[in-house]
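Colleague: Sequence plus the predicted model coming up.
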Amino acid sequence: MNTAVVILPGLNRDRDMIAALTKISGRAPATVWQTETSIPPVDLIVIPGGFSYGDYLRCGAIAARAPVMRAVAEAAGRGVPVLGVCNGFQILCETGLLPGVLMRNTSLRFVCREVKLKVANAETRFTTAYGNGQIIRCPVAHHDGNYFADEDILARVEGNGQVVFRYAEGTNPNGAVHDIAGIINEAGNVLGLMPHPENLIEPEHGGTDGRGIFESVMGGSALKAA
Ligand SMILES: NC(=O)CC[C@H](N)C(=O)O
């Protein structure tokens, strides 16, 4: 399994993501800088979290216009799996690869804590390692995680099973509509989520609940032998 991590100025979770991908796939990912106009042939592209371009204008709005995002969109159009975590999710929405927007948390505060997630769709290529309705732990750290979409888009996203993760009852940290924590595109190859699964992949992290996303998309045979 070959992977690539998109690097933009201001991201700060890129090293965590590179460590997670290296650990789980057994190979270091390629890193692709913002000015690149193509992405090497890989089986998974990841946009990590952080504060790209200082979160100016709106989280992810400037990043969405970086040359590398045209290459990401082109690869996504060819069916290459793309995962966006936190700022990565915001960037995917701003690029138009995922529907909806991420607004300021209703508390108007940066929230950094662990939440519980309900796996709302375990039949995607990113979630086969989980069961439908399974509750997993996952950390969040953001100030703009309040997912919103208008009624028509919400009805379509819900109807298609594109909601992949919801905050479990009582743990919604940001006011997201329908408790939405992560959604997938209609084609099923682009997933964005606000929580950080890369920070819960080994016992030293305090748990391994985040591993399933990487293991699902990498597939059993691509995994490093334990
Ligand atoms: N951890 C992150 O990726 C944070 C994303 C964004 N800067 C926010 O605070 O909402």
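Modeller: Arrived safely, thanks for sending.

Colleague: was I right about Gly175 contacting Asn146?
Modeller: Yes. Between Gly175 and Asn146 there is a contact at 4.6 Å, judged by CB atoms under 8 Å. C-beta: built from backbone N, CA, C; applies to glycine.

Colleague: Between these two, which contacts overlap?
Modeller: Here Gly175 and Asn146 share the contacting residues 105-106, scored by CB atoms under 8 Å, 6 or more residues apart in numbering.

Colleague: who's more crowded, those two?
Modeller: Between Gly175 and Asn146, counted using other CB atoms under 10 Å, the more crowded position is Asn146 (21 against 15).

Colleague: Pull the contacting residues for the more buried one.
Modeller: 102-106, 174-176.

Colleague: Show the pLDDT at it.
Modeller: Asn146 is assigned 98 on the pLDDT scale.

Colleague: how close does Asn105 sit to the ligand?
Modeller: 8 Å (CB to the nearest ligand atom, to the nearest Å).

Colleague: Hmm, that residue is touching Phe148, no?
Modeller: No. Using CB under 8 Å, Asn105 is not in contact with Phe148, being 11.7 Å away.

Colleague: who has more neighbours, the two?
Modeller: The neighbour comparison of Asn105 against Phe148 (other CB under 10 Å) goes to Asn105, with 20 against 16.

Colleague: Just give the closest residue to the more buried one, not the sequence neighbours.
Modeller: Nearest residue to Asn105, sequence neighbours excluded (CB to CB, 6 or more residues apart in numbering): Asn174, at 4.0 Å.

Colleague: Touching, the one you found and Ile180? I think so.
Modeller: No. At 10.0 Å, Asn174 does not count as touching Ile180 under the criterion of CB under 8 Å.

Colleague: quick one, which of the two is more surrounded?
Modeller: Between Asn174 and Ile180, counted using other CB under 10 Å, Ile180 has the larger neighbour count: 28 against 25.

Colleague: now that one, which residues is it bridged with?
Modeller: Beta bridges link Ile180 to Arg166, judged by DSSP bridges.
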